[in-house]
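1. Provide a 3D model corresponding to the input given below.
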Amino acid sequence: MAGDFHRVACADCENEQVVFGKAASVVSCAVCGTTLATPTGGEAEFHGEIVETVEAR
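-> Numbering: from 1, shown residues only. Model (predicted):
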């Protein structure tokens, strides 16, 4: 399974969290609970700013 990990900044609290690019479930911010990514059946839809690609495969 190939996929990238992204560091995503939360739009509400600016917390940065690493999220798998093909997330299969909703990913929430660990600090404030805002949704960071939602699954789409392929590449996840990100709701925060992608700061960097942490690991590309």
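
2. Please enumerate the strands of the protein.
-> 5-9, 16-20, 27-28, 35-38, 45-46, 49-55 (DSSP state E).

3. Save those strands as CSV, and put in mean pLDDT too.
-> Compiled in CSV, the strands of the chain are given as follows (pLDDT from 0 to 100):
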stretch, mean pLDDT
strand 5-9, 95
strand 16-20, 95
strand 27-28, 96
strand 35-38, 96
strand 45-46, 96
strand 49-55, 89
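
4. As TSV, these with mean neighbour count would be great.
-> Glycine gets a C-beta too; all of them are placed from N, C-alpha and C. Putting the strands of the chain into TSV (neighbours: other Cβ atoms under 10 Å) gives the following:
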stretch	mean neighbour count
strand 5-9	19
strand 16-20	16
strand 27-28	18
strand 35-38	19
strand 45-46	14
strand 49-55	12
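
5. ok, the residue nearest to Ala11 when sequence neighbours are not counted to Asn15 distance?
-> In space, and not counting its chain neighbours, Ala11 is closest to Gly48: 5.2 Å by Cβ to Cβ, 6 or more residues apart in numbering. In this view, Gly48 and Asn15 are 9 Å apart by Cβ to Cβ, to the nearest Å.
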